[in-house]
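Novice: quick one, fold the following:
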Amino acid sequence: MAQNTTANDFGIDISSPFDTTDHDKPLDEKADGQGHTQLEELEYVSTRTNPDREDFAWDYDVITNLLGVYCTYFSTNWAQFLLPFGLTFVEEAFPDHPDITPWVASVPSVCTAVISLFIGELSDIFGRRFFMLLANAFVVVGMCVASRAPNVTVLVGGQVLNGLGAGLGLLSLPALSEIVLKRSRSWVVAAGGVFLAVLTSAGGISEGVFVTDNTGGYKQGWRMGVYLGIGFAVIGLALTLIFYHPGPRPNPGNLYVRTRLGKIDWFGLFIVEVLFAWDSPRVLVLIIVGFFLVGIFVIWEWKFVEFGLFPRVIFRDRNYRVIVILQFVEGMSLLSGQAFLPQMITTIFDKAAVVTTVRNFPFAAGLMGGSAFAAVILYKTREVKVLTISSVVMIAAGAGMFAALTPDINYAVCFFGWTLYGFGVAQMTVIVPVVASITTPDEFIATALSLTNAVRDLGGAIGIVMFSQILQSKITKKLPVDVGTAAFEAGIPLQDLATSVEAFLSGDAAAIEAAGLTPTALDLMTKASQTAYAESWRWVWIALLPFCAVTFLLAFLLRTTEKNFTMEVAAAVQHRHAHHKENEKKVAQEEA
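Specialist: Predicted coordinates:
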């Protein structure tokens with residue numbers, strides 16, 4: 001059998017790469033008499049590769065490893081979500097390309113979806129540490145590019161690098177899950193949800209303050225949050241390097257690296273790379289071609305390859321198959337909520353940057369509360385079905401309330417809808433990775449979680465682009481007409497209407513003054529603009545409801561998960577202190 005060794009300080013695990021003896025050939029070719037190879041049989045029986053760890057303790061090594069991983073999780077999520085959250089501010093800074101600006105929000109999700117398709121399996125082979133360090137490095141470079149972007153095109157380029165970093169950074173989820181008991185995974189995943197809530201609130205309020213003060217120049221305040229992102233990524237890189245030292249990963253059969261790499265379905269990977277051709281000129285074509293290629297990919301993996309891009313064994317549990325589909329709507333809800341809620345506030349209620357972030361606090365509070373609630377319920381009941389159903393109901397209810405918003409609606413209604421939506425999204429954010437990690441073999445935990453991440457970001461990317469197109473198609477027709485009508489009612493002569501409307505919609509104070517718009521005219525035109533946006537936003541949230549309905553029905557297919565919440569640890573951390581090493585040695589002797 002091959003001996004696994006840690007190759008270097010970056011944690012890349014290379015098992016005898018220069019040994020050309022084909023020791024593992026029988027595993028690839030020898031049949032068991034029932035049509036399965038030994039390797040396939042290994043997959044069928046390797047549901048529990050680790051015994052229960054009754055002696056598990058939240059000691060110094062576990063805590064510091066979690067700290068290093070959380071730093072990467074935070075820095076890479078900041079890179080993915082900060083600019084989508086402040087998209088309104090970016091649009092004001094770059095008003096010349098409204099058709100390109102939505103890609104600032106969706107490109108990171110597309111990149112994350114693509115890289116998640118294969119990075120999980122590679123990290124299962126080589127380990128997580130190197131890729132997580134690389135994630136922070138990508139974010140540092142991407143944030144540097146974005147911070148100095150002279151136009152929206154360069155900004156999108158920086159977002160591509162940030163998306164690559166975010167995709168690699170999602171390895172934080174399996175890294176967090178595998179070093180604690182399966183029984184306790186809901187807690188460590190929920191803490192990540194709290195980080196997202198902090199990002200939503202702290203990132204938003206900082207952006208709002210910087211934009212209000214025009215820090216860095218007129219309409220340039222949004223860049224300050226990007227500068228903060230550079231600092232967070234540097235900290236994440238340092239602390240991950242110092243603290244994150246994972247132990248050896250499960251490798252049933254002790255397969256060589258070259259054998260495991262050879263099992264990756266490279267042709268299937270090519271198909272899905274083509275699927276995410278995000279620069280397609282028309283969104284409709286992108287979606288149609290995308291789903292067509294998804295169909296080809298599924299058929300290829302199912303019928304034409306023995307050990308595909310995603311090993312079939314990870315789909316053995318029905319709960320995982322259901323969760324993968326549910327993750328699509330979770331991605332649409334989470335990423336669209338991050339991108340659109342601030343925009344909805346500024347276009348319907350108030351354009352003041354700080355007010356925008358304050359109004360968005362209920363969403364952040366919902367994320368925090370929902371994450372904590374999901375962690376407690378999963379830990380106490382070990383069941384996900386009812387929790388999943390309730391989360392979808394909350395998302396749909398929140399979206400339904402958004403569809404009913406008007407400029408003069410009571411803020412209490414907004415507060416309740418925002419909180420409910422965030423609460424539901426947060427529950428799903430905890431449920432999916434926990435279920436994926438406990439229903440798939442330990443040796444494929446990152447592969448399983450990476451697929452759910454890819455589906456989430458695919459849903460988010462499609463949702464952002466699709467919903468943006470719905471909004472643009474509605475508002476382009478409605479806004480000029482409604483604002484022009486209000487201007488005419490305010491007494492502006494017919495021959496001056498076009499100039500007045502153009503000046504108002506530009507938001508430029510000098511242009512508005514030059515057009516001679518009176519306070520009365522400005523008030524009527526502002527109210528007309530807010531009403532037009534409210535009626536246009538309505539269709540965005542109505543478009544989400546059918547996806548919620550399908551997800552609601554699918555959630556009833558989930559089975560009991562009580563048996564999956566065991567006392568196993570998939571890959572214990574390296575114990576780097578003497579008293580821990582003695583305990584580790586004792587456990588190893590008992591297991592032997």
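Novice: all helices of the stretch 151-300 of the chain, in order?
Specialist: In the stretch 151-300 of the chain, the helices defined using DSSP state H, counting those that start in this stretch lie at 152-169, 172-178, 185-198, 204-212, 222-243, 257-262, 266-275, 283-299.
Novice: which intervals of the stretch 251-400 of the chain have sub-threshold pLDDT?
Specialist: Under the criterion pLDDT under 70, the flagged ranges of the stretch 251-400 of the chain are 251-310, 338, 351, 353-354.
Novice: mean confidence score for stretch 434-443?
Specialist: For stretch 434-443, the mean pLDDT works out to 90.
Novice: then stretch 96-105?
Specialist: Mean predicted confidence for stretch 96-105 is 76.
Novice: cool, stretch 530-547 as well?
Specialist: For stretch 530-547, the per-residue pLDDT averages 90.
Novice: try stretch 65-73
Specialist: Across stretch 65-73, the average pLDDT comes to 93.
Novice: next secondary structure after the helix or strand hosting residue 92?
Specialist: Following DSSP states H and E, one finds residue 92 within helix 87-93. Following helix 87-93 in sequence order, the next helix or strand is helix 102-126 (DSSP H and E).
Novice: what angle separates that next one from helix 152-169?
Specialist: Relative orientation of helix 102-126 with respect to helix 152-169: 30 degrees, computed using axes from the mean of the first three to the mean of the last three Cα atoms, to 10 degrees.
Novice: against which helices or strands is helix 102-126 packed?
Specialist: Packed against helix 102-126, as judged by 3 or more Cβ pairs under 8 Å, 6 or more residues apart in numbering; DSSP states H and E, are the following elements: helix 60-85, helix 87-93, helix 129-147, helix 152-169, helix 257-262, helix 266-275, helix 318-348, helix 445-489. Glycine gets a C-beta too; all of them are placed from N, C-alpha and C.
Novice: nearest to residue 103, of these?
Specialist: In this view, the helices and strands packed on helix 102-126 are compared for proximity to residue 103 by Cβ to Cβ, and helix 152-169 is the closest at 5.2 Å.
Novice: residues in contact with residue 318?
Specialist: Taking Cβ atoms under 8 Å, 6 or more residues apart in numbering as the contact definition, residue 318 lies against 557, 558, 559.
Novice: gap between it and residue 558?
Specialist: When distances are taken as Cβ to Cβ, to the nearest Å, residue 318 and residue 558 turn out to be 8 Å apart.
Novice: residue 506 touches residue 95, doesn't it?
Specialist: Yes: using Cβ atoms under 8 Å, residue 506 is in contact with residue 95, at 7.5 Å.
Novice: what bits of the stretch 101-250 of the chain have low per-residue confidence?
Specialist: The stretch 101-250 of the chain contains residues with pLDDT under 70 at 200, 249-250.
Novice: tell me how far the residue of the chain most remote from its centre lies from residue 460.
Specialist: Checked against the mean C-alpha position of the chain, the extreme residue using Cα atoms, centre = their mean is residue 493, at a distance of 50.3 Å. Here residue 493 is placed at a distance of 47 Å from residue 460 (Cβ to Cβ).
Novice: residue nearest the centroid of this protein?
Specialist: Of all residues in the chain, the one closest to the mean position by Cα atoms, centre = their mean is residue 457, 5.7 Å from it.
Novice: residues touching residue 489, list them.
Specialist: Listed by Cβ under 8 Å, 6+ apart, the contact set of residue 489 reads residue 524.
Novice: relative to residue 525, how far out is it?
Specialist: Spatial separation of residue 489 from residue 525 under the definition Cβ to Cβ is 10 Å.
Novice: can you give me the domain boundaries for this structure?
Specialist: If you go by automatic domain parsing, the domain ranges for the chain are 60-264+310-465, 265-308.
Novice: residue 172: neighbour count?
Specialist: Counted with other Cβ atoms under 10 Å, residues neighbouring residue 172 total 30.
Novice: so where is the stretch 451-592 of the chain shaky, pLDDT-wise?
Specialist: If you take pLDDT under 70 as the line, the stretch 451-592 of the chain has these spans: 576-592.
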